[in-house]
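> Predicted model follows, preceded by the sequence.
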Amino acid sequence: MGKINGCIKCLFIFFNVVFAILGCVLVYLAVQATAFSHQVMAMGGPSLAWSWVFVLGVLILPVLGIVAACMEKELIFKIFAGFMVVGMIIMLIFGIVVVVSRNTLKDSLDTASAEATKYFIEDKDMRRVLMGFEQSAHCCGVVSSSDWGNNIPQSCECKMQNTGFPFSSGCKAKPWGASGPDQIYATSCSSVFFVIVDLIFKIIMGFCFTFAILALLALLMSILMIHQIRKHDSGGSSMAMKSY
């Protein structure tokens, strides 16, 4: 008879196998993303080095958990539990950082100055990007339609069949004395941009906090199995599962 209850051991191994498979998938995705890492860094984007740390952690830690459960060694379980504590803390920190970054971005967009919007209007390339975004996202102006002054482009034109999808709050009349379409989008492009980015932030927050909870559950199961191993080694019987 093993030192650990069979049901708990099988459940623990099953979840670690699932995460080991997930780790293999993440390794494949990381390899594919590495091919574009130099282009991303050249454009001022973040390095993908830390993504490899996370990916390898997701792959290696479940393997360590499987080895600990199969060998039923207290030391290996302690090492695994220690990594779970570290992983849980890291995921909570990342989750909190994402929440703070989201709120900071929202405040920045809400308080965007005229100088900040002037760059999008006066620069030829950014102006083209903004107008393309206006057409696809059904919005007008960076902060408001007044960013265009008295020359509102056709990209701001609001048609009845386009209102309300996917982000537009509807149409409104163009400012008095301005040239351009009679009906323009009432939604600003900064509001649409925040909706998109906010969705990404929420996905990342859910990812971080979910992994923190899973790490906590793995930690509790490790502590339970360590207790069973100690009880067995001290001469007691392994804890029996209560059937319902």
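In hand now; what should we look at?
> Mean confidence (pLDDT) on stretch 89-101, please.
Stretch 89-101 carries an average pLDDT of 88.
> Give me the contact list for stretch 218-238.
Residues from elsewhere that reach stretch 218-238 (Cβ atoms under 8 Å, 6 or more residues apart in numbering): 1-5, 8-9, 11-12, 15, 65, 68-69, 72-74, 77-78, 80-81, 84-85, 88, 239. No exception for glycine: its C-beta is placed from N, CA and C like everyone else's.
> What are the buried residues along it?
Within stretch 218-238, the residues that qualify as buried by neighbour count (16 or more other Cβ atoms under 10 Å) are A218, L219, M221, S222, L224, M225, I226, Q228, I229, H232, S238.
> With stretch 193-206 instead?
F193, F194, F201, I204, M205.
> Please enumerate the strands of this structure.
Secondary structure of the chain by DSSP state E: the strands cover 171-173, 183-185.
> What's the separation between the residue nearest the centre of the chain and V98?
Closest to where the C-alpha atoms of the chain average out (Cα atoms, centre = their mean) is I204, at 1.6 Å. Distance from I204 to V98, counting by Cβ to Cβ, to the nearest Å: 5 Å.
> So in this protein, which helix runs the longest?
Ranked by residue count under DSSP state H, the longest helix found in the chain is helix 189-233.
> average pLDDT across that one?
The average pLDDT for helix 189-233 rounds to 88.
> if I look at the residue nearest to the centre of the chain, how far off is L29?
Taking Cβ to Cβ, one finds I204 at 15 Å from L29.
> And for V99?
Taken as Cβ to Cβ, the span from V99 to L29 is 25 Å.
> Which one of those two is surrounded by more residues?
A count of neighbours by other Cβ atoms under 10 Å puts V99 above the other of V99 and L29, at 16 against 12.
> Quick one: residues contacting that one.
Neighbour list for V99: F201, M205 [criterion: Cβ under 8 Å, 6+ apart].
> picking up where we left off before, can you put the buried residues of stretch 193-206 in CSV and add distance to I21?
Output for the buried residues of stretch 193-206, formatted as CSV (distance: Cβ to Cβ, whole Å):
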residue, distance to I21
F193, 36
F194, 35
F201, 27
I204, 22
M205, 24
